[in-house]
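Participant: Sequence first, then the predicted structure:
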Amino acid sequence: MHCGFCDRVDICAKEKKFPTVFILPGEEQNIQEGTGWKIIDMTDYRLIAFDMDGTLLRSDKTISDGCIDAVHEAVAEGKSVAVCSGRPLAEIRPYADELREVRYFVCECGALIYDRIEKKILVRHTLDPNVAGPVLDAIAREDIMPQALMAGESYVNPDDIVNMAHFHMAVYRTLYTSVARREKDVPGLIRAHCVEIEKINLYHASIDGRERTKKRLQGVGGSHICGGIFP
């Protein structure tokens, strides 16, 4: 059960943490010494799961040939590979052809798991009904673009899609235009179908607004509050 929050998706650029690099045998020479990277031999693992945004995807939301080749090599080594993302299934499907060797899509921060081979949802967790009231109150109090995720689909107000730059989400406008289901009254959808919804994203126009919403919703209905950005 999850409620996600976001204001600027590019704030993480301030972070200077060194990444972890998973390598296949014989690839060690491609990692420069002294980079500070932590190298882990992939032969130690049976399952490899990776995020989409900020990990698999480049800044233009495309997948590099190198990443696709790495997935192929991992599968060839007998590893299970999975996507693990905060995105709904609808926002991962556009990459299905490139990720054809990935069987499991762990979507919406774990609220929904999809089997790409069997083409069916394996696991689905929905929100506590007590979440609806406080979330609707938060939407009314702040400058927010709400997104409801239900059965792997994305429901967004079409006016918000046009205005996504206001919520620091302009890079996702093409994706939302393509896959989101238009719903003029997202709060009404949440009110009527809260127990059928897996996740609610509340995209804020400001950091201050996001922080006020997080305080209002802490501990509501057993929901899990996600920061959405790195401080």
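Facilitator: Looks like it arrived, so ask away. Numbers count the residues shown, from 1 in each chain.

Participant: quick one, domains of the chain?
Facilitator: When the chain is parsed into structural domains using automatic domain parsing, the resulting residue ranges are 2-9+127-226, 15-124.

Participant: Centre of the chain to the first one, how far?
Facilitator: Right, the one you point to is domain 2-9+127-226. On the basis of C-alpha atoms, centre = their mean, to the nearest Å, domain 2-9+127-226 is displaced by 13 Å from the centre of the chain it belongs to.

Participant: Single out the most deeply packed of the domains of the chain.
Facilitator: Taking mean count of other C-beta atoms under 10 Å as the contact definition, the stretch among the domains of the chain with the greatest mean neighbour count is domain 2-9+127-226, which reaches a mean of 18. Any C-beta I mention is one placed from the backbone N, CA and C, and that applies to glycine too.

Participant: Give me the average confidence score over it.
Facilitator: The predicted model gives domain 2-9+127-226 an average pLDDT of 87.

Participant: Ok, stretch 103-112 next?
Facilitator: Along stretch 103-112, the predicted local confidence has a mean pLDDT of 94.

Participant: list the helices and strands the helix or strand hosting Ala138 packs on?
Facilitator: Ala138 is located in helix 132-141, with elements delineated by DSSP states H and E. Applying 3 or more C-beta pairs under 8 Å, 6 or more residues apart in numbering; DSSP states H and E, one finds that helix 132-141 contacts strand 144-150, helix 186-193, strand 199-204, helix 207-217.

Participant: Now distance to Ala111 too, for those, in TSV please.
Facilitator: Output for the helices and strands packed on helix 132-141, formatted as TSV (distance: least, C-beta to C-beta, whole Å):
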stretch	distance to Ala111
strand 144-150	8
helix 186-193	15
strand 199-204	5
helix 207-217	16
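
Participant: if I look at the spatially most central residue of the chain, how far off is Cys109?
Facilitator: Residue closest to the average C-alpha location in the chain (C-alpha atoms, centre = their mean): Gly86, at 2.2 Å. If you measure Gly86 against Cys109 using C-beta to C-beta, to the nearest Å, the figure is 5 Å.

Participant: coming back round to it: what does the helix holding Ala138 rub up against?
Facilitator: Outside helix 132-141, the residues that touch it by C-beta atoms under 8 Å, 6 or more residues apart in numbering are 3, 144, 146, 186-187, 190-191, 194, 200, 202, 212-213, 216-217, 220-221.
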